[in-house]
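Visitor: need a 3D model of the following:
(chains A and B)
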Amino acid sequence: DAGVIQSPRHEVTEMGQEVTLRCKPISGHDYLFWYRQTMMRGLELLIYFNNNVPIDDSGMPEDRFSAKMPNASFSTLKIQPSEPRDSAVYFCASSRGYGYTFGSGTRLTVV
Amino acid sequence: AQTVTQSQPEMSVQEAETVTLSCTYDTSESDYYLFWYKQPPSRQMILVIRQEAYKQQNATENRFSVNFQKAAKSFSLKISDSQLGDAAMYFCAYSGSNSGYALNFGKGTSLLVTP
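Guide: Now for the predicted structure:
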C-alpha cells in the first residue's frame, strides 16, 4: 500500500478563494481523521469519519470549513472563503483500531 | 475530554547520551492507548512507540522505551544512545474508545541533539 495520500503538498491561495484538500486513506481502514497543525495551537482534530460517516465535527473552526467522504477511498476538506488565519499544515490520517497512518500533510498558505 | 500535557517545550541532549521526555494525561477511561510520535523537519508523523493501557509491561523499541505509570497518568519516553537523527519534535498522544479512537495530542517537545 502506498500509505495515506494527500494532495496537494503545498497550496498558496489568495484570501477569499476556495481551497480543497484531498485525502486517499489506506484501503481497509475504517476511520479517517483531519487534523490542523499550527505553531500556536499544535495538532488539532477537525473532524473524523467512521465508515464514511462523519462522527464528530466539533473541531471544525467555523462554517467556512466543510469535509466530505463520499466513499471509502476519498475525502475532501474544503475552506470557502479562505482567510490568512487558515494558514497551517493540514494532515489526514486513517486507522483501523489503534493502528494509525498519517499522510504527508498539505501546507496551506493564504495571502 | 482527555487532555495530554507535555511540560517541556524544548530539550537538549548530547550525542550518545540518554534523554527523557515527559507526558501526563487525564482520562476517566480504563481502556486506552498511548503513543509517542516523532515529527522531523520533513513534517512526516512517524510512530515511535505505542503502549496499551492494560499492559503493565513498558513498551520498548530498540533505543526507545517508555515509563508508563497508569495510576499517576504519566507516560515518559526515554531515548538511549541519542543520535543526530533523533532531533525532531516529539508528540505524546492518547486514544480511547470513548473518544472515538481519535488521537489527542500534546503540544510537543522539540529535541535538539548536539555532537
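
Visitor: centroid-nearest residue for chain A?
Guide: What sits nearest the mean C-alpha location of chain A, by Cα atoms, centre = their mean, is residue A:34, with 3.7 Å.

Visitor: is that one in a bridge, and if so with what?
Guide: residue A:47, residue A:92 (DSSP bridges).

Visitor: hang on, it packs against residue A:89?
Guide: No. The criterion here is Cβ atoms under 8 Å, and residue A:34 misses it with residue A:89 at 11.6 Å. C-beta here means a position set from N, CA and C on the backbone, and glycine is covered the same way.

Visitor: now do the contacts for the residue nearest to the centre of chain A.
Guide: Contact analysis of residue A:34 by Cβ atoms under 8 Å, 6 or more residues apart in numbering or on different chains lists A:23, A:45-48, A:67, A:75, A:77, A:90-92.

Visitor: and with 6 Å instead?
Guide: A:46-47, A:67, A:77, A:92 (Cβ atoms under 6 Å, 6 or more residues apart in numbering or on different chains).

Visitor: which of the residues you listed has the most neighbours?
Guide: With neighbours taken as other Cβ atoms under 10 Å in any protein chain shown, the top of those is residue A:92, carrying 28 neighbours.

Visitor: tell me where the chain has strands.
Guide: Going with chain A. Along chain A, counting by DSSP state E, strands occupy A:5-7, A:10-13, A:19-24, A:31-38, A:42-50, A:53-56, A:65-71, A:74-79, A:88-96, A:99-102, A:106-110.

Visitor: wrong chain, I was asking about chain B
Guide: B:3-5, B:10-14, B:19-21, B:24-26, B:32-39, B:46-52, B:60-61, B:64-69, B:74-79, B:88-96, B:104-105, B:109-114.

Visitor: how about CSV for those strands, with mean pLDDT, mean neighbour count and distance to residue A:105 added?
Guide: Putting the strands of chain B into CSV (pLDDT from 0 to 100; neighbours: other Cβ atoms under 10 Å in any protein chain shown; distance: least, Cβ to Cβ, whole Å) gives the following:
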stretch, mean pLDDT, mean neighbour count, distance to residue A:105
strand B:3-5, 94, 16, 20
strand B:10-14, 98, 14, 22
strand B:19-21, 98, 19, 22
strand B:24-26, 96, 16, 24
strand B:32-39, 97, 23, 10
strand B:46-52, 96, 17, 13
strand B:60-61, 94, 12, 24
strand B:64-69, 97, 18, 23
strand B:74-79, 98, 20, 23
strand B:88-96, 96, 23, 13
strand B:104-105, 96, 20, 14
strand B:109-114, 98, 17, 18
